[in-house]
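Trainee: A structural model of the following input is requested.
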Amino acid sequence: MPLTPEALLSVFKSIDLDDSGTIELRELEAFCAPCLLGDGARQSSAQQSRITELFAQVDTDGSGVISFDEFCEARPPSLFTTYPHL
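Mentor: Sure, this is the predicted structure:
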């Protein structure tokens, strides 16, 4: 079931910790960490690499941040496949 624009914005804002209107890699890492680490263990280099790869896939203009438009466009094939809990 597709998410509404309002629901997508809510998810986006929950990842955008500094309320800048964009998602930085560190914010995506913070968002993904609980899902990957569950028990509070340290993030492995493989997990870090997976998050960095996901970030690069979603940051289609290569600006170093993910805009809301990029988030909405990339969401189905990458973000929600990799992190189905969203």
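Trainee: for this structure, which spans come out with low pLDDT?
Mentor: 1-2, 35-43, 75-86 (pLDDT under 70).
Trainee: ok, which stretches of it are strands?
Mentor: 22-23, 66-67 (DSSP state E).
Trainee: for Leu28, see how far away the residue lying closest to Cys32 once chain neighbours are set aside is.
Mentor: Leaving aside its sequence neighbours, Cys32 sits nearest to Ile51 (Cβ to Cβ, 6 or more residues apart in numbering; 5.3 Å). C-betas here are computed from N, CA, C, even on glycine. Using Cβ to Cβ, to the nearest Å, we find Ile51 at a distance of 6 Å from Leu28.
Trainee: go on, Leu9?
Mentor: Taking Cβ to Cβ, one finds Leu9 at 16 Å from Leu28.
Trainee: ok, these two, which is more surrounded?
Mentor: Neighbour count, other Cβ atoms under 10 Å: between Leu9 and Leu28, Leu28 has more, with 22 against 14.
Trainee: show me what contacts the more buried one?
Mentor: Ile15, Ile51, Leu54, Phe55, Ile66 (Cβ atoms under 8 Å, 6 or more residues apart in numbering).
Trainee: now these in CSV, with distance to Glu24 and neighbour count?
Mentor: Shown next, in CSV, are the contacts of Leu28 (distance: Cβ to Cβ, whole Å; neighbours: other Cβ atoms under 10 Å):
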residue, distance to Glu24, neighbour count
Ile15, 10, 18
Ile51, 12, 20
Leu54, 13, 20
Phe55, 9, 22
Ile66, 8, 27
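Trainee: now render those as JSON lines, adding distance to Ala33.
Mentor: Shown next, in JSON lines, are the contacts of Leu28 (distance: Cβ to Cβ, whole Å):
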{"residue": "Ile15", "distance to Ala33": "12"}
{"residue": "Ile51", "distance to Ala33": "8"}
{"residue": "Leu54", "distance to Ala33": "13"}
{"residue": "Phe55", "distance to Ala33": "13"}
{"residue": "Ile66", "distance to Ala33": "17"}
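Trainee: which one of those is nearest to Ser44?
Mentor: The closest of the contacts of Leu28 to Ser44 turns out to be Ile51 (Cβ to Cβ; 10.8 Å).
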